[in-house]
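# I'd like to go over a predicted model; first the sequence, then the structure.
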Amino acid sequence: MNEKKAISLLGIAAKAGAVTSGGFLTERAVRNGTAKLVIVATDASDNSYADISHITYHYQVPLVRFSTKDVLGHAIGKKDRICVAVLDQGLANAVAACISDDATV
């Protein structure tokens, strides 16, 4: 796992406009089919994780747990964020590869 590179890629995705964050916007991106990867903070509550994992499972969107709320928010230039959806397939693949050595989205 290359945490620094994954965080850097999230920042690039945010600057490119290829990220949504927060529960409501992430859920909407998953339902619309624009989310290619959903990242949930490891310190998110169990209820939040369960809600997001249910939606991503139903719509077959990859879901990973990574980093903390503070770090995820800081990476995309915002305050604490429980979840982040990456909207670009190439960036989603790159972030997933950094988080998990054998992951592709």
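Okay, I see it.

# Which strand or helix spans the spatially most central residue of the chain?
Of all residues in the chain, the one closest to the mean position by C-alpha atoms, centre = their mean is residue 39, 2.7 Å from it. Here residue 39 sits within strand 37-40, counting by DSSP states H and E.

# Ok, residue 5 next?
Element membership of residue 5, judged by DSSP H and E, is helix 3-15.

# mind listing the strands for the chain?
Along the chain, counting by DSSP state E, strands occupy 19-21, 37-40, 63-65, 83-86.

# could you dump stretch 3-20 to PDB, C-alpha only?
Written as PDB, here are the backbone C-alpha positions of stretch 3-20 (Å, rounded to 0.1, in the frame of the first residue of the first chain):
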ATOM      1  CA  GLU A   3      -0.700   5.700   1.100                       C
ATOM      2  CA  LYS A   4       1.000   8.900   0.200                       C
ATOM      3  CA  LYS A   5       0.600   8.300  -3.600                       C
ATOM      4  CA  ALA A   6      -3.100   7.400  -3.100                       C
ATOM      5  CA  ILE A   7      -3.700  10.600  -1.200                       C
ATOM      6  CA  SER A   8      -1.800  12.600  -3.900                       C
ATOM      7  CA  LEU A   9      -4.000  11.000  -6.600                       C
ATOM      8  CA  LEU A  10      -7.100  11.900  -4.700                       C
ATOM      9  CA  GLY A  11      -5.900  15.500  -4.700                       C
ATOM     10  CA  ILE A  12      -5.300  15.400  -8.400                       C
ATOM     11  CA  ALA A  13      -8.800  13.900  -8.900                       C
ATOM     12  CA  ALA A  14     -10.300  16.600  -6.800                       C
ATOM     13  CA  LYS A  15      -8.600  19.400  -8.800                       C
ATOM     14  CA  ALA A  16      -9.800  17.700 -12.000                       C
ATOM     15  CA  GLY A  17     -13.400  17.700 -10.700                       C
ATOM     16  CA  ALA A  18     -13.400  13.900 -10.700                       C
ATOM     17  CA  VAL A  19     -14.400  13.500  -7.100                       C
ATOM     18  CA  THR A  20     -17.600  13.800  -5.000                       C
END
